[in-house]
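Colleague: kindly generate the corresponding structure for this input.
(4 chains)
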Amino acid sequence: MSIFVQSLISGILIGGVYALIGIGLTIIFGVMRVINFAHGDLLMLGMYATYFLFTQFHIDPFVSIVITMPLMFLYGAFLQRFFINRVLDALPQNQILLTIGLGLIMSNTVMLAFTSDYKILSTRYSSSSVSLHGISISLPLLVSFAITTVITIALYWFLLKTDTGQAIRATAQDREAARLMGINVKRMSIIAFGLGSALAATAGALISPTYYIFPQVGSSFTLKAFVITVLGGMGSVIGATLGGILIGVAESIGGVYFGSGWKEVVVFVLFLLVLLFRPSGLLGKSRT
Amino acid sequence: MPSPSFIRRKWITSAGGKRVIPLLLLASGVALLALIPLSVQSTYALHIMILTFVSIIMGSAWNILGGYTGQYSVGHAAYFGVGAYTTMILLQFRHIAPWYGMWAGVGATIVTALIIGSICFRLRGPYFVLASIAVAEIFRVTALNLKDLTNGAEGILVTELPPLKFGDTVITDFTTKVPFFYTGLITALFVIFVTRGVQHSKLGYYFQAIREDQDAAHSLGINPALYKNIALVISAVFTSVAGSLYAVYVGFIDPGTVFSLDVSVQIVTIAIIGGIGTILGPVIGAIVLVTLSEALRSNALTNALIHAGLVNADSRVGVFLKENLSHAHILIYGILVVIVILFMPQGLLGFARRIVTRKRKG
Amino acid sequence: MAILEIRHVSKFFGGLAANSDVSFEVEEGSIVGLIGPNGAGKTTLFNCITGYYAPSKGDVVFRGLRMNGLQPDKVCRLGMVRTWQKVRPLTNLSVLENVMVGALCRTNSLFEARRMAQEQLRVVRLDQKGALLAGALPIGERKKLEVARALATRPKLLLLDEVMGGLNPAESEELIQLILEIRKKGITQMVIEHDMKAIMRMSQNIVVLNSGEKLAEGAPEEIVSNPRVIEAYLGAEV
Amino acid sequence: MRAKSSLIIALVLTLPSFVFAANAKVKIGFVNSITGPEAPIGESLTNGVTLAIEDLKKQGIDVDLIKEDDTGKPEKSMAAFEKLATSDHVGGVVGPYPSKCAAALAKLAEKYHVPIIIPVASKDDITRQGLQWTFRLSATTNDYATILLDMATAFGKPKTIAIINENTDFGTSGAKSAKEYAAKKHLTVVAEEAYAPGSPDYRSTLASIKGKNPDLVFMVSYVADAILLMRQSREIGLTPKAFLGAGAGFATEAFAKEQDISNNVFSSTQWTQDVKWPGTKEFAARYKAQFGKEASYHASTAYESMVIMGQTLAKAKDNPARAKDLLDKGSWNGIMGVVKFADYAGYTNQNNHQMLVEQIQNGQRVTVYPPAYVSGKKAVYPFPGWTK
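Modeller: A predicted model of the protein is given here:
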């Protein structure tokens, strides 16, 4: 029983970070209908930024988010403005290949700059935990979950209450209609990609104290982000939040009851089932 | 937008007599290729050619489903892997020679493809792409965990390859690259031939109609599910053969080398860089990509510069190039992919054709 | 004799009824006009008839065969084909190839299909443009291409969904002549159209839909003088 | 100054027992993972080889080194080897690191009659195929597990063992060996977990292992996951009598530096910095000075392989066939101890290398087993528990 609770809690905490990754991807997909294969690489850049700030300027990873986030927002906006924008009307496979190419460029540039060594970001609290009735809870994960929650709430507020947020949502719902309504769709796309990158990078920053950093770290997160987004419904922010936590828990509990080797199968089968029976995802609306 | 079917129209409209010339060219080209192993001493070159053939097979196979039928699968590693694994399991654990095992691989792949098709073809667009990735990942993780069947992560290392016999005469014992060269060449030609056949038949028209507009196609008497599955099976079968060929040639497979997303992406890249929906696109893509990545990997540029006397090998520039270009080759590869997508969205073939038409007009 | 019978067809989306209890018959060899204000359920009805939707209730009977649940490709092979309100050319294929795709429904030979396609292109007067890419055609010619492609499937019943939408008067007139010509070949037609004058000229029978229900049915002159139609449709629209 | 004198010592120690012509020129191919997933370890190999080339030069052997990237893929490593053998005409090849690449190259070496020394790819099968042109310096995967269990049963009386391994070639075969050898040592395997590398959360798995209360926890992982597993073990409060790491990630500086979690963890290794093999200390010091980090066993095996290949080819006048004979018969004594490529127990041309066990004691990696190689500090056993 305590093992179950233990896995449930750590699953939820990790799921919070997954959710951030998924939300970023879902916003990008929602607004542009582009599957971003470089999403994990954006996360990787966030990790390296955090690592760099920590080792060079001794800025705590959780604090450095305030620098990393806007920086990666600009970077994402730049990518959108100069690369993704040019293929918005191209065939989907060209869009995919472009993001794959961009991802390769990012990870290999980082490799040239930082070598391919694993970087370990060790803070005082990297392996500390609090114990509650025999259940141990990782302190850094707890903090990162709290930050994730705050960011997610702020994001909801932004999307629901601000004009820009509403314009983004309108664009996601129907690009053509949004254009007719006078929304600057190009600008919304730039903001969306910026937001997506910033969120991915934040997720990277949040897990770097407990994880490790290397140039190819992104690929496994890209796949995870796909699963989360589809699970939640592509384009749905709430869906991605739920999807992230669901995947965190599924992995954690699947690892205990199916064995670590099969937990990925559990996740992908779950993914396929959702695709088949609810292609719009758990919370998505549109089918196309 | 220039049409992917541009070339075809030229073929159709050219008068019967004119067709003899390309046919002659083709025949002499094939004959020349077939003579290569006799004249080329460098097995290094043969190795690169064999890899190119495998890539041509993979790219052309994908092209039938992705290029003609418009179903952008990013999960072809599943078929590549099923072919490779079936052949290798039969070879290493059951001592069944690969030229039989390969057919078992094809059989297994057809079953796999029909199952995957029944799942994935219910979805369209980005959902189809993601589902195809997921299915391939399920295969990878399953191969990793079904240790009794696949030997898991340890992979399968071929220790012995039985010679190919005809009666009692040994045709080849596979100690040289020559048999692999011919197998690759013949299969590559065959897949090109099949692509051409598809393009010039009802199938090809139906595939393209589905690619252009599935609903419109449906209203014109085309059963999309049926024809998508036909395209998938053709595509999967050749991908599977490529997998078998690769596995036996390299002599070792593990889930990471044959089932990974990298393989799927590589397959798609070949077709897109070359130009999809054309017979020759994937062929060009394969030739360019294999040679290019080998040239980058082996730092041919630096060597050429040094050889030409432009850069001194021991000078600072020479050392810098030597040390860094070898690290940067995937970076350069990535940059090239981005450039092609941005500036030649129709692939190399489409780009070349556009230049030709522009010149003709202007 | 009726070639098509619509019997009490209803189609629900969630709780919303897009069609409810619609019934009428289409006489063989005639042109039937289907009219109604926007959102009246005309296209939904087309979709129910041609197999894109299965009717929630009721039957679609074509030449004595119950069609419910048959897929569009089967429907086409049985001799009923539709065009699209928003044209759907196969943009990267040539005009001729577009029509050949339709013809291939009746033959396996490319040669034969090409011959049939050229014949249909002559009917819609696009025979000079066969080598162009379908995507390169202007809207008026795309509409004609759509008709030619449908005709190439050798239909008994042709369903035209607003073929004149977005055309200038000269182009519309050309299409009206085309539709009348097609009728002469013995092909029954059902036409959704907003241009009342055109509908009046072409149709032998007109069905009026409003809010998913059949409001009226009759010869053109009856419809024009039907007060309910005037109120619900003409009054609001014109 | 100190570096210089240590260089001279290294030079003297690595001087072989034969005399060679001054300034012999040899051509050697070095196939290595410069990019791709194995690149972090590839870098250690590159550094080791760099030092070896310097030392060979001091011995009067000019090495024309042709570096080839295998990107971690077997077909790329094959292309590299084809090029080296048929276009560069090298006398011998050193490398590659990934076992799948090494397995592919072993066959090519046989075909082209070019000797290859595999420094540290550990898959057992590579030298079990009767191939004559393939020589392996390092001990095989099997030995990573056995030496640890030998040690644990020598130090105490453990009854149960949990096995955690990453689901890769090295991980799976390491776990398999551990399981087989555990049976021989009368240990009960209470848990077996093969995890997919790259997951940020192993807590649930570790918690279920903790519930089984094993005496020994045996792990096979690369450095990143090694740190992750130990961090989360600490969080969960997993406290067996000993943590046993099978080489790879556990025998690295990066892991040792994480004192909070690495203290008192055992790891099997091919080489340690304080082992009494000739030239070890000097090599370690030089490596640290030149590359700013501690040498790993990957670096030392690569170094020694390159030195052996260089010297052999110099003696063989760059003739591959003669070099093969010399490798067959020769014997060396350098930083990897005595090296002899022998045929035994189903192996061909396999150096029967002595594995070592090191323990991390306050950030220092100390050799603690076998007793003959211990240089002072004693092993801490059983595990004293986590520091708060």
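Colleague: quick one: low-confidence parts of the stretch 1-150 of chain A?
Modeller: A:1 (pLDDT under 70).
Colleague: what sits against C:V208?
Modeller: C:I35, C:G36, C:K214, C:L215, C:A216, C:E217, C:I223, C:N226, C:V229, C:A232, C:Y233 (C-beta atoms under 8 Å, 6 or more residues apart in numbering or on different chains). Bear in mind the C-beta positions are built from the backbone N, C-alpha and C, glycine included.
Colleague: what's the answer for C:M80, then?
Modeller: So C:M80 contacts C:L4, C:I49, C:T50, C:F62, C:M67, C:P155, C:K156, C:L157, C:L158, C:L159 (C-beta under 8 Å, 6+ apart).
Colleague: make it 7 Å
Modeller: Taking C-beta atoms under 7 Å, 6 or more residues apart in numbering or on different chains, we find C:M80 in contact with C:T50, C:F62, C:P155, C:K156, C:L157.
Colleague: JSON lines for the contacts of C:V208, including distance to A:L112?
Modeller: Formatted as JSON lines, those follow (distance: C-beta to C-beta, whole Å):
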{"residue": "C:I35", "distance to A:L112": "68"}
{"residue": "C:G36", "distance to A:L112": "66"}
{"residue": "C:K214", "distance to A:L112": "72"}
{"residue": "C:L215", "distance to A:L112": "73"}
{"residue": "C:A216", "distance to A:L112": "76"}
{"residue": "C:E217", "distance to A:L112": "76"}
{"residue": "C:I223", "distance to A:L112": "76"}
{"residue": "C:N226", "distance to A:L112": "79"}
{"residue": "C:V229", "distance to A:L112": "75"}
{"residue": "C:A232", "distance to A:L112": "72"}
{"residue": "C:Y233", "distance to A:L112": "70"}
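Colleague: what's the closest of those to D:H89?
Modeller: C:G36 (84.1 Å; C-beta to C-beta).
Colleague: what count of nearby residues applies to that closest one?
Modeller: Residues lying near C:G36 (other C-beta atoms under 10 Å in any protein chain shown) number 25.
Colleague: quick check: buried residues in stretch B:146-156?
Modeller: In terms of neighbour count (16 or more other C-beta atoms under 10 Å in any protein chain shown), stretch B:146-156 has its buried residues at B:K147, B:T150, B:N151, B:G152, B:A153, B:E154, B:G155, B:I156.
Colleague: pretty sure D:L108 sits against D:K83.
Modeller: No. With contact defined as C-beta atoms under 7 Å, D:L108 does not reach D:K83; the gap is 11.0 Å.
Colleague: B:F259 contacts B:G75, doesn't it?
Modeller: No. In this structure, B:F259 is not within contact of B:G75 by C-beta under 7 Å, at 9.8 Å.
Colleague: tell me which parts of the stretch 201-350 of chain B are close to chain A?
Modeller: Residues of the stretch 201-350 of chain B lying close to chain A (C-beta under 7 Å from any C-beta of the partner chain) are B:265, B:268-269, B:272, B:327-328, B:330-331, B:333-335, B:337-338, B:341-342, B:345.
Colleague: try 6 Å
Modeller: B:V265, B:I272, B:H327, B:I330, B:L331, B:G334, B:I335, B:V337, B:V338, B:I341, B:L342, B:P345 (C-beta under 6 Å from any C-beta of the partner chain).
Colleague: where is pLDDT lowest across these?
Modeller: Of all these, B:H327 has the smallest pLDDT value, namely 73.
Colleague: so how many other residues sit close to it?
Modeller: For B:H327, using other C-beta under 10 Å, the count is 19.
Colleague: which residues does it contact?
Modeller: A:L112, D:I34 (C-beta atoms under 6 Å, 6 or more residues apart in numbering or on different chains).
Colleague: just the element for it, please.
Modeller: According to DSSP states H and E, B:H327 maps onto helix B:316-343.
Colleague: next SSE downstream of that helix?
Modeller: helix B:347-361.
Colleague: count the neighbours of the residue lying closest to D:D143 once chain neighbours are set aside for me.
Modeller: Distances taken as C-beta to C-beta, 6 or more residues apart in numbering or on different chains place D:M355 nearest to D:D143, at 4.7 Å, with adjacent residues excluded. Using other C-beta under 10 Å, D:M355 has 24 neighbouring residues.
Colleague: please apply the same query to the one 10 residues further on.
Modeller: Counted with other C-beta under 10 Å, the neighbours of D:R365 add up to 22.
Colleague: helices of chain C, start to end?
Modeller: Remark: helices assigned in chain C by DSSP state H are C:42-50, C:72-77, C:95-103, C:110-123, C:139-151, C:169-184, C:196-202, C:220-225, C:227-229, C:235-237.
Colleague: of those helices, flag the one that's most buried.
Modeller: Mean neighbour count (mean count of other C-beta atoms under 10 Å in any protein chain shown) peaks for helix C:95-103 among the helices of chain C, with a mean of 28.
Colleague: and the contacts of that one?
Modeller: For helix C:95-103, contacts defined as C-beta under 6 Å, 6+ apart pick out B:205, B:209, B:220, C:90, C:113-114, C:116-117, C:120-121, C:129-130, C:132, C:134, C:145, C:148-149, C:152-153.
Colleague: mind running it again at 8 Å?
Modeller: So helix C:95-103 is contacted by B:5, B:205-206, B:208-209, B:217, B:220-222, C:81, C:89-90, C:93, C:110, C:112-114, C:116-118, C:120-121, C:126, C:129-134, C:137, C:145, C:148-153 (C-beta under 8 Å, 6+ apart).
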